[in-house]
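1. turn this into a structure:
(one chain, ligands or ions: 1)
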Amino acid sequence: MANIAFAIETLPHISEAHSEDDDAFVELYRNFRLDALQADPDAFGSSYEEESQRPRQFWRDRLANPKAVHFIARDAAQDVSCADAWLGMIVLLGPKDMDTTEVVSAKGSPWPMFGANDESTESHTGVATYHITGTFNKPSARGNGIGVALLKAALGYAADGCAELGRKQARVTLTVDQINEAATKLYEKVGFYQVGEEWYTPRPRGMEEQWDRLAVHYEMRATV
Ligand SMILES: CC(C)(COP(=O)(O)OP(=O)(O)OC[C@H]1O[C@@H](n2cnc3c(N)ncnc32)[C@H](O)[C@@H]1OP(=O)(O)O)[C@@H](O)C(=O)NCCC(=O)NCCS
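-> Residues are numbered from 1 along each chain as shown. I've put the predicted structure just below:
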């Protein structure tokens with residue numbers, strides 16, 4: 001196993017006004033995500049064929065979404081603005097007030113549920129829900145604890161966010177395909193537990209044959 005020194009940081013939310021730095025992050029983000037979709041097409045509900053056609057504004061909107069935090073694992077010796085520095089990424093969507101038995105469906109993208117215009121602020125349960133999506137580590141960087149470190153950073157962020165909102169608990173959800181053993185083991189190692197499952201049809205990916213797959217819903221609670 002390679003021993004890689006890494007650091008975790010969050011990407012800044014980009015603003016309406018275009019700056020050169022923002023444009024550079026949009027490019028890095030787009031390229032990293034498209035690399036992920038090409039490297040592990042079966043790990044994601046979306047596809048390279050779909051996302052590579054998206055206009056630049058799509059990526060800008062994701063980085064500008066106040067309900068999305070992008071956690072990047074970077075090579076400790078390099079600045080996050082260098083493309084080679086990016087080793088891994090997860091996205092934390094939220095907070096959102098929703099029924100704590102409701103899951104984020106695998107049948108579509110989770111992003112619309114956690115849009116910039118989601119005004120939900122009232123909680124009847126004292127629990128705010130977050131959702132983790134887009135987990136990907138570069139194949140050459142795997143096996144170094146980066147997946148665990150990214151998830152712990154996101155869980156800590158969600159707990160802090162709940163404290164600021166005056167909530168007692170963060171409920172953090174995610175979905176993983178049943179055949180994805182590496183990701184399942186990773187999530188269970190960190191403490192996620194199964195809460196349900198759902199059949200879904202992956203979105204189009206080239207000319208390959210498609211078949212229904214079983215998505216497993218996981219969650220864990222981060223207490224403030
Ligand atoms: C899943 C993924 C993020 C794990 O990344 P990683 O950098 O290897 O993660 P870590 O080094 O932190 O591994 C932590 C734990 O995950 C589990 N794990 C990781 N890779 C594994 C594998 N190939 N097989 C079985 N378990 C594995 C192990 O429990 C491991 O703990 P251990 O090293 O003590 O055995 C990575 O394999 C990946 O990017 N896969 C493709 C994209 C993907 O599947 N995303 C998830 C979408 S839901």
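2. what number of residues lie near whatever residue of the chain ends up closest to the ligand?
-> Scanning the chain for the residue nearest the ligand gives G147, at 2.7 Å (criterion: C-beta to the nearest ligand atom). In short, each C-beta sits where N, CA and C put it, glycine included. The number of residues packed near G147 is 24, by other C-beta atoms under 10 Å.
3. surely K189 is in a helix?
-> Yes. Per DSSP: H, G, I helix; E, B strand; the rest coil, K189 lies within a helix segment.
4. still on that earlier bit, now the residue of the chain closest to the ligand: closest residue in space, sequence neighbours ignored.
-> Spatially, and ignoring its direct neighbours in sequence, G147 is nearest to L186 (4.6 Å; C-beta to C-beta, 6 or more residues apart in numbering).
5. do you know the pLDDT at that neighbour?
-> Note on L186: pLDDT of 98.
6. what about it, which helix or strand?
-> Using DSSP states H and E, L186 sits within helix 181-190.
7. coming back round to it: what residues are up against the residue nearest to G147?
-> Contacts for L186 were tallied using C-beta atoms under 8 Å, 6 or more residues apart in numbering; they are T135, G147, V148, L151.
8. same thing but 10 Å
-> Neighbour list for L186: T135, N137, R142, I146, G147, V148, L150, L151, V176, N180, F192 [criterion: C-beta atoms under 10 Å, 6 or more residues apart in numbering].
9. next to the ligand, which bits of this structure? Give me the list.
-> 40, 43, 135-137, 142-148, 176, 180-183, 185-186, 189 (C-beta under 6 Å from any ligand atom).
10. try it again with 8 Å
-> Within the chain, the residues that sit near the ligand (C-beta under 8 Å from any ligand atom) are 36, 39-40, 43-44, 88, 133-139, 141-151, 174-177, 180-189.
11. list the helices and strands the helix or strand just after the helix holding L186 packs on?
-> Past helix 181-190, further along toward the C-terminus, the next helix or strand under DSSP H and E is strand 193-200. Counting contacts by 3 or more C-beta pairs under 10 Å, 6 or more residues apart in numbering; DSSP states H and E, strand 193-200 is packed against strand 169-177, helix 181-190, strand 213-223.
12. dump these into JSON lines; add distance to A116 as well.
-> Shown next, in JSON lines, are the helices and strands packed on strand 193-200 (distance: least, C-beta to C-beta, whole Å):
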{"stretch": "strand 169-177", "distance to A116": "20"}
{"stretch": "helix 181-190", "distance to A116": "27"}
{"stretch": "strand 213-223", "distance to A116": "23"}
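13. highest mean neighbour count out of the ones you listed?
-> Highest mean neighbour count of those: strand 169-177, a mean of 23 (counted as mean count of other C-beta atoms under 10 Å).
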